[in-house]
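J.: Next comes the sequence, and after it the predicted model I'd like to discuss.
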Amino acid sequence: MKVLVWRKDPQAKLPERVTSESIGFDLFALEDVKFAPKEFKLVRTGLVIKADPPYGLFIFPRSSLFIKKGLIMTNSVGIIDFDYCGENDEVMIPLLNLREESVEVRAGEKIAQMVFINVAFPEIVEVLEPQTTSSRGGFGSTGGYKGGA
């Protein structure tokens, strides 16, 4: 499998897999970005990345980003579609500062990781009734959340 990566910006760092046991490839901030308390920003990677089926490209947060800086990815996981690879389709990382003080991401700093996952495209078939008469008990997996405040 090959993944095509275009440096939209010549300063962009290519994704890196640090060890042979690493699942994710680190993604790096292209430039310094300062976050005010509770501020959201898109952080540029400077990269356009093309993955081909059946391996979808998913972007996950690095655990150290929250521990060290109080930053979270606002959508938890980013999905990069197979056709998101044109000249204006730069991979950017949506981050939110949860701290009460400003924090900064420096150019070249690891900000997320990309993982390739084998995806399937099943046929969606509408049915007229549920396919079982038993129920697990509502939202929250095995009976946790029942609704309300």
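T.: Done, it's in.
J.: ok, which stretches of this protein are helices?
T.: 63-69 (DSSP state H).
J.: Tell me where the model's unsure across it.
T.: Along the chain, segments meeting pLDDT under 70 span 136-149.
J.: How about the backbone phi and psi for the residue located most distally from the centre of the chain?
T.: Within the chain, residue 133 marks the point farthest from the mean C-alpha position, 36.6 Å out by C-alpha atoms, centre = their mean. Main-chain torsions, residue 133, degrees, to the nearest 10: phi -100, psi -10.
J.: quick one: contacts for it?
T.: Contact partners of residue 133, counting by C-beta atoms under 8 Å, 6 or more residues apart in numbering, are absent. To be clear about C-beta, it is placed using only N, CA and C from the backbone, and glycine gets the same treatment.
J.: cool, residue 115 as well?
T.: Contacts of residue 115 by C-beta under 8 Å, 6+ apart are 23, 24, 25, 57, 58, 59, 60.
J.: That one bridge partners, please.
T.: Counting by DSSP bridges, residue 115 forms beta bridges with residue 58.
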